[in-house]
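Peer 1: only geometry, no sequence info:
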């Protein structure tokens, strides 16, 4: 690589106000409505493949409204855990061989997505799954 990679100075993401009438409040309200109207299958990803764990089914409910089921997940089995460890060991050499710049780019892209197009989803899921206010979710998520 001929270019010099410069890691951006760390900074906290600005905390949005979610004031009445604000664009972020409208976006979050829409996303909350969507998240509450569907029941998700909460899967695991092992070796790049999404799949349901092999154990007992678990209802994921809102802590403040136990009758509202957000989704269904399953307990991981020993076989699921073994498969995850095997996949991680398989991926480790490639990750180690990757340049610092390429690894940093992955994390920077994830941060960009979470602060941008996925922000309302992350905050909405935090609010519903942990009984947080929008302001608490904004800080925690």
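Peer 2: Received, thanks. Just so it is clear, the structure is predicted and the values come from calculations on it, not from any experiment.
Peer 1: Residue 68: helix or strand, and which one exactly?
Peer 2: strand 65-74 (DSSP states H and E).
Peer 1: Toward the C-terminus, what is the element adjacent to that strand?
Peer 2: Next element after strand 65-74 (DSSP H and E): helix 78-97.
Peer 1: and that following helix, what does it pack onto?
Peer 2: strand 44-46 (3 or more C-beta pairs under 8 Å, 6 or more residues apart in numbering; DSSP states H and E). Where you see a C-beta, it was placed from the backbone N, CA and C, and this is true even at glycine.
Peer 1: State the mean pLDDT of the strand it packs on.
Peer 2: For strand 44-46, mean pLDDT rounds to 98.
Peer 1: Stretch 11-18 too?
Peer 2: 92.
Peer 1: what ranges do the strands span in the protein?
Peer 2: With DSSP state E as the criterion, the chain has strands at 40-41, 44-46, 49-51, 57-62, 65-74.
Peer 1: So for residue 25, which of these sits nearest?
Peer 2: strand 57-62 (20.0 Å; C-beta to C-beta).
Peer 1: how far is that closest one from where the chain is centred?
Peer 2: What separates the centre of strand 57-62 from the centre of its chain is 17 Å, taken as C-alpha atoms, centre = their mean, to the nearest Å.
Peer 1: that older thread, check which residues of the strand holding residue 68 are buried.
Peer 2: Within strand 65-74, the residues scored as buried using 16 or more other C-beta atoms under 10 Å are 70, 71, 73, 74.
Peer 1: For residue 59, name its beta-bridge partners.
Peer 2: Beta-bridge partners for residue 59, by DSSP bridges, are residue 72.
Peer 1: so how far is residue 52 from the nearest residue to residue 55 once chain neighbours are set aside?
Peer 2: Distances taken as C-beta to C-beta, 6 or more residues apart in numbering place residue 75 nearest to residue 55, at 3.1 Å, with adjacent residues excluded. Counting by C-beta to C-beta, to the nearest Å, the gap from residue 75 to residue 52 is 11 Å.
Peer 1: Brilliant, that's me finished.
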